[in-house]
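1. following is a predicted model, sequence given first.
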Amino acid sequence: MKTEFIVLSAYDLMLASLLVLALIGLGARFGLGVSRTLTVAAIRTTVQLLLVGLVLEAVFTRARLSWILLIILVMMTVASWEILARQKRKLKGWWGFGVSAFSLFISSFMITLLALFAVIGADPWYTPQYMIPLLGMLLGNTMNGIALGMDRLVQTAWQQRAVIEQRLMLGQRDSEAIREIVRDSMRAGMIPIINAMAAAGVVSLPGMMTGQILAGSPPVEAVKYQILIMFLVTSGTGFAVITVLKLIAGRMFDARERLRFDRLLREH
Amino acid sequence: MLRLEDLQIPDIEAVNLTVAPAECVGLSGESGCGKTRLLRAIADMDEHGGQVYAEDITQDQVKAHEWRRRVTLLPSESLWWFDTVGQHFRAHQKYIEALGFTTDVMNWNVSRCSSGEKQRLSVLRMLANAPRVLLLDEPTANLDDANARRVEQMVSDYLEEHRAFAIWVSHDIEQLRRVSQRQCRLSQGRLMEVGQV
């Protein structure tokens, strides 16, 4: 394969890492309390990305369906885990995990499949060069949306539990008593991606498109892919957030429309 | 009739109580004895055993929100979620006036109301659904005497006019004598009628 782009050397990366080191030093000097997290995160990103680079290289040369499925499983499990880890109020273990995994599955995974079959038409459909980056981008964004929407819903409902009960006492349905909170949570989950779409190309050049251009693709081709990704990510996030909010709001009330945090939260 | 049949809530002996049309039963007892929990069980806000009949209907014959439209609990602290009073409910003019407000009150901003005003408004809000059973949990706790009397008068007029039922929780025995025909006391996990030991 002919490389049309400038290959980065280890020395180039070292140069960039000096910037992060300088930031860590500065943070420590002023006691801002970010140095430790920053160090861990920087090391994590280096190790994780190098490893995934090796794995992808191996998988790309031999596209075995079983390997690819394994990678997908790992990605989805970690994403579900990450969603739960970002919740201020901890959901009950397996139930919370199941909700996250299920909504990631029906949004990210299904939309990736749809894109592979109907839009890109790769052959075979699981060609890892398309499937894995596509799923990765969808999962990353969907995960954010779910984590934000879920956190907002559970937090706000918890803080306003007395108001919700007041509304129930006045004979409102459970869905009505929590309507404004659900709307608010939907917005919280969707704002990052809506902002990204609105700012794309004017304020920011999206990362994927930039990468393709750096790698030598013609800009218009890169842009087409970026638009595709934006649409997939937006719909994926939207469907996922709606699913999660429905499931959680449903779990919050029992069959007699009583507010039941004991069914939802680990501590209450 | 409002009838509680073997109503079971934790730490309290099964409660049996019948309230006649237009009757108000007063309920007193020390803080934490379970008065509020009893009212919540009647409104089906908490899990509980036993059965509650409101006229001919039992709790599980209707959807929970329909039950609470008939059997409405007025909590001691009133809470609001929209900006203006009028966004929450539509009130009858005669009730508005009976509580000492003018119709302009519906345009008031909730955040500018005093706790007493909010308390009186929450009585209006409860009556807007025309409930059959009123469960009143210290409804005049934040009110001065004049306004407390207004609420008392209004509730008894409502009960009379609609042949409705009420349970009125208060620490003020004098008040309970004014508003209710019978008084009960919840103490040491038992509900007893005052005067009949």
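-> Looks like it came in fine.

2. contacts only, for the residue of chain B found nearest chain A.
-> Using CB to the nearest CB, the single residue of chain B nearest to chain A is residue B:69, 3.4 Å away. Where you see a C-beta, it was placed from the backbone N, CA and C, and this is true even at glycine. In this structure, residue B:69 makes contact with A:170, A:171, B:129, B:131, judged by CB atoms under 8 Å, 6 or more residues apart in numbering or on different chains.

3. quick check on the residues you listed: which are buried?
-> A:170, A:171, B:131 (16 or more other CB atoms under 10 Å in any protein chain shown).

4. apart from its neighbours in sequence, what residue is nearest residue A:176?
-> Counting by CB to CB, 6 or more residues apart in numbering or on different chains, residue A:167 is the residue found nearest to residue A:176 once chain neighbours are left out, at 7.1 Å.

5. should've said residue B:91
-> residue B:124 (4.7 Å).

6. is that neighbour in contact with residue B:89, as I believe?
-> Yes: in this structure residue B:124 lies within contact range of residue B:89 using CB atoms under 8 Å: 7.3 Å.

7. show me where pLDDT drops low in chain B?
-> Filtered on pLDDT under 70, chain B yields the residue ranges B:195-197.

8. for chain A, that is, sorry about that
-> Using pLDDT under 70, chain A drops low at A:1-4, A:268.

9. closest point of it to chain B, which residue?
-> residue A:171 (3.4 Å).

10. part of a strand, is that residue?
-> No: judged by DSSP: H, G, I helix; E, B strand; the rest coil, residue A:171 forms no part of a strand; its state is coil.

11. now do the same contact list for it.
-> B:65, B:66, B:68, B:69, B:72, B:129.

12. over to the residue with the largest distance to the centre of chain A: give its phi and psi.
-> In chain A, residue A:170 marks the outermost C-alpha relative to the chain mean, sitting 38.5 Å out by CA atoms, centre = their mean. Per-residue torsions, residue A:170: phi -80, psi 10 (degrees, to the nearest 10).

13. export the contacts of residue B:69 to JSON lines and append columns for distance to residue B:101.
-> JSON lines is the format used below for the contacts of residue B:69 (distance: CB to CB, whole Å):
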{"residue": "A:170", "distance to residue B:101": "19"}
{"residue": "A:171", "distance to residue B:101": "23"}
{"residue": "B:129", "distance to residue B:101": "19"}
{"residue": "B:131", "distance to residue B:101": "20"}
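
14. sorry, back to before: how close does the residue of chain A closest to chain B get to residue A:139?
-> Distance of residue A:171 to residue A:139, given as CB to CB, to the nearest Å: 42 Å.

15. need the nearest residue in space to residue A:99, chain neighbours excluded.
-> According to CB to CB, 6+ apart, the nearest residue to residue A:99 is residue A:247 (5.0 Å).

16. pull the number of nearby residues for that neighbour.
-> Neighbourhood size, residue A:247 [other CB atoms under 10 Å in any protein chain shown]: 17.

17. surely it is in a strand?
-> No: counting by three-state DSSP, residue A:247 falls outside a strand, being helix.

18. can you point out the buried residues in stretch A:211-219?
-> For stretch A:211-219, the neighbour count (16+ other CB under 10 Å) marks A:212, A:213, A:217 as buried.

19. ok so the second one is a helix residue?
-> Yes: the secondary structure assignment for residue A:213 places it in a helix, going by three-state DSSP.

20. how near is it to residue B:180?
-> Residue A:213 is 80 Å from residue B:180, by CB to CB.

21. tell me which parts of the stretch 101-250 of chain A are close to chain B?
-> When proximity is defined as CB under 8 Å from any CB of the partner chain, the stretch 101-250 of chain A approaches chain B at A:160, A:162-163, A:165-174, A:180.

22. of the residues you listed, buried ones?
-> A:160, A:163, A:165, A:166, A:167, A:168, A:169, A:170, A:171, A:172, A:173, A:174.

23. returning to what we had before: which SS class is the residue of chain B closest to chain A?
-> helix.

24. ok so, going back, show me what contacts the residue nearest to residue A:176?
-> So residue A:167 contacts A:176, A:177, B:81 (CB under 8 Å, 6+ apart).

25. same list (these) but as JSON lines, adding secondary structure.
-> Below are the contacts of residue A:167 laid out as JSON lines (three-state DSSP):
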{"residue": "A:176", "secondary structure": "helix"}
{"residue": "A:177", "secondary structure": "helix"}
{"residue": "B:81", "secondary structure": "coil"}
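
26. count of residues packed around residue A:124?
-> Residue A:124: 10 neighbours (other CB under 10 Å).

27. show me what contacts it?
-> By CB under 8 Å, 6+ apart, residue A:124 lies in contact with residue A:63.

28. that's a strand at it, yeah?
-> No: Residue A:124: not assigned to a strand; according to three-state DSSP it is coil.

29. spatially, which two of the buried ones among the residues of the stretch 101-250 of chain A next to chain B are the most separated?
-> Based on CB to CB, the longest span within those runs between A:160 and A:171 and measures 18.2 Å.

30. give me the neighbour count for residue B:160.
-> Using other CB under 10 Å, residue B:160 has 11 other residues around it.

31. my bad, residue B:93
-> Residue B:93, neighbours per other CB under 10 Å, totals 9.

32. that one against residue B:103, yeah?
-> Yes: between residue B:93 and residue B:103 there is a contact under CB under 8 Å: 6.1 Å.

33. residue contacts, the closest residue to residue A:86 other than its chain neighbours?
-> Of all residues not flanking residue A:86 in the chain, residue A:147 sits nearest, at 4.4 Å (CB to CB, 6+ apart). Residue A:147 makes contacts with A:82, A:83, A:86, A:87, as judged by CB under 8 Å, 6+ apart.

34. the closest residue to residue A:177 other than its chain neighbours and residue B:188, how far apart?
-> Distances taken as CB to CB, 6+ apart put residue A:167 closest to residue A:177, at 3.9 Å, once the chain neighbours are dropped. Going from residue A:167 to residue B:188 by CB to CB gives 34 Å.

35. near chain A, which residues of chain B? Just list them.
-> Residues of chain B lying near chain A (CB under 8 Å from any CB): B:43-47, B:63-66, B:68-69, B:72-75, B:77-81, B:89, B:125-126, B:129.

36. one step back: ranking the contacts of residue A:167 by neighbours, who comes first?
-> residue A:177 (26 neighbours).

37. so that one sits against residue A:164, correct?
-> Yes: if you go by CB under 8 Å, residue A:177 and residue A:164 touch, sitting 5.0 Å apart.

38. show me where the chain has helices.
-> Picked chain A for this. Per DSSP state H, chain A carries helices over the ranges A:10-29, A:35-61, A:65-85, A:93-104, A:110-114, A:128-159, A:161-169, A:174-177, A:179-199, A:207-214, A:219-252.

39. could you do chain B instead?
-> Under DSSP H, chain B gives helices at B:35-42, B:64-70, B:93-98, B:115-127, B:145-162, B:173-179.

40. cool, thanks, signing off.
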